[in-house]
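> quick one: sequence plus predicted model below, questions after.
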Amino acid sequence: MTIFTVRKFFAAAVVAVCLPFAPHMASAAPAANLPDFTDLVDKVGPAVVNIRTTARVPTSQRGLPPGLDDGDMSEFFRRFFGIPLPQGPQGPQGQIPRGAPDTSPPDGGNDTEQNSGVGSGFILSADGYVMTNAHVVDDADSIYVTLTDKREFKAKLIGVDDRTDVAVVKINASNLPVVTIGDSNKVRVGEWVVAIGSPFGLENTVTAGIVSAKGRDTGDYLPFIQTDVAVNPGNSGGPLINMDGEVIGINSQIYSRTGGFMGISFAIPIDEAMRVADQLKTSGKVVRGRIAVAIGEVTKDVADSLGLPKAQGAMVSSVEPGGPAEKAGIQPGDIILKFGGLPVEAATDLPRMVGDTKPGTKTTVTVWRKGQTRDLSITVAEMQADKAAKDGQKKAPEPKPRASNALGLAVSDIPADQQNAQKLHGGVQVDAVEGPAARAGLQRGDIIMRVGDVDITSAKQFEEVTSKLDPQKMVAVLVRRGDNTQFVPLRPRTPGQK
């Protein structure tokens, strides 16, 4: 590990003046008051726990994880923390301390219980419900929860939800200290926050920083709270706390190129986490709604070409046959602007809005289609396991020799049997690509479903429509490739232009 030392240099400038000394200049400017976290830590700290997971492994594999040995880790902790390697309940290298219970199998087998992971959590209720991250307890044979008073309990896994990375475990205890749950919707960028957890197994470590951003989309199911609070391996599952001592998030991820903290960490908003936890406590699983569509982002170019006032909503790229969306009349190429009366600002908003809707609920979806909005009634279904995509497509026929049009496309009619197999209603097949279409990434075998607001039904009609396009205006072409459909903005070329 390389340690970079930052040195600060201070330069002082002295200006002499020939005026009498002014008394008011003698008083120094008052120093800004820095936050004091001591009372906050005293209040919340007892409800933060260390979570240790174990797995059964052959005796020959006991010890530290692959790639690490006791000497390396001892040297790491000695040099950079000034302390010896933390001793787990089984001691260094998995050895069982004298007087500790032997966790070897009762049948005298060759397997033993070895530490497989470490994380953090916090107590939700005085009767022993504890929240943590799903990835902290994944694949664990046993889960142990250690309180700040050093009591350790073997925990029962109540439920996990991988989609949100939330898990709930239960210990057999009573009158436990609990956290106060805050409102993550009231979090403000720039406010001070504190994390408490067990980085590298160092229990009850406190770090502080500020909220750097809200609603950060990292490609996961939930929008994250971004902070600059120091979070490292072992902090996962611990609470993110505001200055009122309320939990506003669960520390879950870091952005890192080295595996250690680099100034960016992410927390799951507590509002979303509590909705999941309530379902896990009730039924051990999370039930979510679905409407059976695949969606994509609406870019500015797509919005401009479709006449949308701004880039917003979720573009429907495909609709599952027989699903709720198809029954409601939603079509590929529609832009979903509202769900249940609430605006869909970005494509990532829709899965959360639908998922939070109880299956069986009848609601309204507002879509943008051909320059106008439409309200469609839809009944939300229950989310099922993902289905494998079916490859029932036929090869595209050999390209036919014909002149390309203003979009740089040579197209042909789609045989009736192929339309039936792909559940198509109209469209033409791309046989050759050049010019604007090639530059936009269109390929032979793509299906052109719509040009602007005109549904395409035949190759002849396609040629008529494209011959009237204005080279000065972008046009949105609805393209289907495989099971996905999306708008591709194209600028028609003038005659003779490549």
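Now that the structure is in, tell me what you want to look at.
> the bottom helix or strand of the chain by mean pLDDT?
Scoring the helices and strands of the chain by mean pLDDT, DSSP states H and E places helix 70-81 at the bottom, with a mean of 48.
> after it comes which helix or strand?
Per DSSP states H and E, helix 70-81 leads on to strand 111-123 as the next helix or strand towards the C-terminus.
> so how many other residues sit close to Thr364?
Residues contacting Thr364 under the criterion other CB atoms under 10 Å number 13. In this view, the C-beta of every residue, glycine as well, is placed from N, C-alpha and C.
> ok, it - contacts?
338, 340-341, 375-378 (CB atoms under 8 Å, 6 or more residues apart in numbering).
> report the separation between Gly159 and Ala267.
21 Å (CB to CB, to the nearest Å).
> neighbour count: those two, which is higher?
Ranked by neighbour count (other CB under 10 Å), Gly159 and Ala267 place Ala267 first, with 28 against 19.
> quick check: closest non-adjacent residue to the more buried one.
Nearest residue to Ala267, sequence neighbours excluded (CB to CB, 6 or more residues apart in numbering): Gly249, at 3.1 Å.
> which element is that neighbour on?
Gly249 belongs to strand 246-254, assigned by DSSP H and E.
> mind listing what's buried along that strand?
Going by neighbour count (16 or more other CB atoms under 10 Å), the buried part of strand 246-254 is 246-254.
> helices and strands around that strand, which ones?
When contacts are defined as 3 or more CB pairs under 8 Å, 6 or more residues apart in numbering; DSSP states H and E, strand 246-254 packs onto strand 180-181, strand 192-197, strand 224-227, strand 239-241, strand 265-269, helix 270-283.
> using CSV, lay out those together with mean pLDDT and distance to Gly128.
Listed next are the helices and strands packed on strand 246-254 as CSV, based on pLDDT from 0 to 100; distance: least, CB to CB, whole Å:
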stretch, mean pLDDT, distance to Gly128
strand 180-181, 96, 17
strand 192-197, 94, 19
strand 224-227, 93, 27
strand 239-241, 96, 17
strand 265-269, 92, 22
helix 270-283, 92, 11
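> which residues does the residue nearest to Ala267 bridge with?
Gly249 has the following beta-bridge partners by DSSP bridges: Leu240, Pro269.
> quick one: contacts for Val179?
By CB under 8 Å, 6+ apart, the neighbours of Val179 are 44, 47-48, 122-124, 239, 246-247.
> and it, how close does it get to Ala432?
63 Å.
> repeat that for Asp138.
Distance of Asp138 to Ala432, given as CB to CB: 50 Å.
> number of residues surrounding the residue nearest to Thr348 when sequence neighbours are not counted?
Once flanking residues are discounted, Thr348 sits nearest to Asp217: 5.2 Å by CB to CB, 6+ apart. Neighbour count for Asp217, taken as other CB under 10 Å: 12.
> likewise Gly360?
Counted with other CB under 10 Å, Gly360 comes out at 10.
> try Ser377
By other CB under 10 Å, neighbour count at Ser377 equals 11.
> that one should be in a strand, yeah?
Yes: per DSSP: H, G, I helix; E, B strand; the rest coil, Ser377 lies within a strand segment.
> got the contact list for it?
With contacts defined as CB under 8 Å, 6+ apart, the neighbours of Ser377 are 328, 362-365.
> and it, bridged to which residues?
When assigned by DSSP bridges, Ser377 has beta-bridge partners Thr364.
> looking at Asp138 and Ala432, which one has more neighbours?
More neighbours surround Ala432 than the other of Asp138 and Ala432, with 17 against 14 (other CB under 10 Å).
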